[in-house]
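Enquirer: How does the following fold in three dimensions:
(one chain, ligands or ions: 1)
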Amino acid sequence: MQFQWYPGHMTKAKRQMQEDIKLIDLIIELVDARIPFSSRNPDIDELGKQKSRLILMNKADLADTQRTKAWSDYFRGKGYFVAGLDARSRSGMKQIQNEIMEACREKIERDRRRGIKNRPVRAMVVGIPNVGKSTFINTFAGKACAKTGNKPGVTKGKQWIRLNKSVELLDTPGILWPKFEDQAVGLKLALIGSMKDEILNVDELALELINYLRKEYPGALSERYQADETVEASAILEDIAEKRKCLKKGGGLDYSKAAALALEEFRNGKIGRLTIELPEE
Ligand code: G4P
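Expert: All right, here's what the predicted structure looks like:
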């Protein structure tokens, strides 16, 4: 799902989020593990400041394991609970369940002191478009889930998914608006494919990618394309066009085709597990 945002959309999304946050104990925020900073919207910190917080670095299967660890440490240092995730796979869900309970430990203990027993933790999933919110909800809830109906005191129409006796999840995720007024953020979102390609210059985007990889992941392009990495990015793109036989109809190399190919292969992990930003930047 790709999104065009207008001020009206953002205001509406924000208002909805404010309402939903009143109903929950825990915010489960999904970010893209390849760009954990640029795929966040820090406005959620203000909106959810009274709530327990868990950041899930999703699409960790596409990201650099070492850098995912560095980002986990960074977020933990800021007081968030954190876990890496491939939302398509059920295998990490037990750990997520544990993180949820840890993140809400204080609330659970407060309940216990007040004599409230077995009140489930209520959570909602939030994140910018395309980070994997729906995939996560589907995998996490699995087949075993039963939707609970409306409850007294809960806004009409809200559906809760009862995951087990200790956790309930709001069935619709909260959509956060990306911070793409920041150009560097916009560029990273474009690189991972979270913006419409029609509004972007694919050639320039591929050159940015090539430059980044040449510097931060030396060897990745030569391994995938047998490209000489010592030359300029445009020459590397030309090399890719030749090696992959990206040709125009009338003859000659088709750079845009090569650019689209390199971006596509980056996005689906064929160039390797790559994370294109670091916490200290
Ligand atoms: P959203 O609700 O936040 O907008 O995201 P959604 O779940 O629709 O997921 C967006 C895309 O990301 C989907 O791919 C989904 O399969 C993929 N995805 C979600 N989680 C992961 C993950 O952990 N790893 C990887 N590699 N991909 C993930 P799509 O191309 O839109 O659809 P499809 O490929 O499922 O057909």
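Enquirer: use CA for all of it now, contacts and neighbours both
Expert: Will do.
Enquirer: Check the spacing between residue 138 and residue 209 real quick.
Expert: For residue 138, the distance to residue 209 equals 32 Å [C-alpha to C-alpha, to the nearest Å].
Enquirer: So for those two, which residue has more residues nearby?
Expert: residue 209 (21 against 16; other C-alpha atoms under 10 Å).
Enquirer: Just the element for that one, please.
Expert: Using DSSP states H and E, residue 209 sits in helix 202-216.
Enquirer: contacting residues around that helix?
Expert: For helix 202-216, the surrounding residues in contact (C-alpha atoms under 8 Å, 6 or more residues apart in numbering) are 187, 190-191, 220-221, 229, 233-234, 236-237, 255-256, 259-260, 262-263, 276.
Enquirer: helices and strands around whichever helix or strand comes after it, which ones?
Expert: Using DSSP H and E, the next helix or strand after helix 202-216 towards the C-terminus is helix 220-225. Under the contact criterion of 3 or more C-alpha pairs under 8 Å, 6 or more residues apart in numbering; DSSP states H and E, helix 220-225 touches helix 202-216.
Enquirer: Show me what from the stretch 51-200 of the chain comes close to the ligand.
Expert: Residues of the stretch 51-200 of the chain lying close to the ligand (C-alpha under 6 Å from any ligand atom) are 58-59, 61-62, 85-88, 129-135.
Enquirer: Which parts of the stretch 101-250 of the chain are helices?
Expert: For the stretch 101-250 of the chain, the helices defined by DSSP state H, counting those that start in this stretch cover 105-113, 133-141, 183-191, 202-216, 220-225, 233-243.
Enquirer: Enumerate residues external to the second one that contact any of its residues.
Expert: Judged by C-alpha under 8 Å, 6+ apart, the contacts made with helix 133-141 from elsewhere in the structure are 30, 87-90, 93, 125-127, 161, 163, 171, 173.
Enquirer: re the thing from before, show me which of the residues of the stretch 51-200 of the chain next to the ligand are buried.
Expert: 58-59, 61-62, 85-88, 129-134 (16 or more other C-alpha atoms under 10 Å).
Enquirer: Alpha carbons of stretch 78-87, as PDB, please.
Expert: Output of stretch 78-87 as PDB, limited to C-alpha atoms (Å, rounded to 0.1, in the frame of the first residue of the first chain):
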ATOM      1  CA  LYS A  78      16.100   5.500  25.100                       C
ATOM      2  CA  GLY A  79      13.800   3.400  27.300                       C
ATOM      3  CA  TYR A  80      11.800   1.400  24.700                       C
ATOM      4  CA  PHE A  81      11.300  -2.300  24.700                       C
ATOM      5  CA  VAL A  82      12.600  -3.700  21.400                       C
ATOM      6  CA  ALA A  83      12.600  -6.800  19.200                       C
ATOM      7  CA  GLY A  84      13.600  -7.600  15.700                       C
ATOM      8  CA  LEU A  85      10.900  -9.400  13.600                       C
ATOM      9  CA  ASP A  86       9.900 -11.000  10.300                       C
ATOM     10  CA  ALA A  87       6.200 -10.400  10.500                       C
END
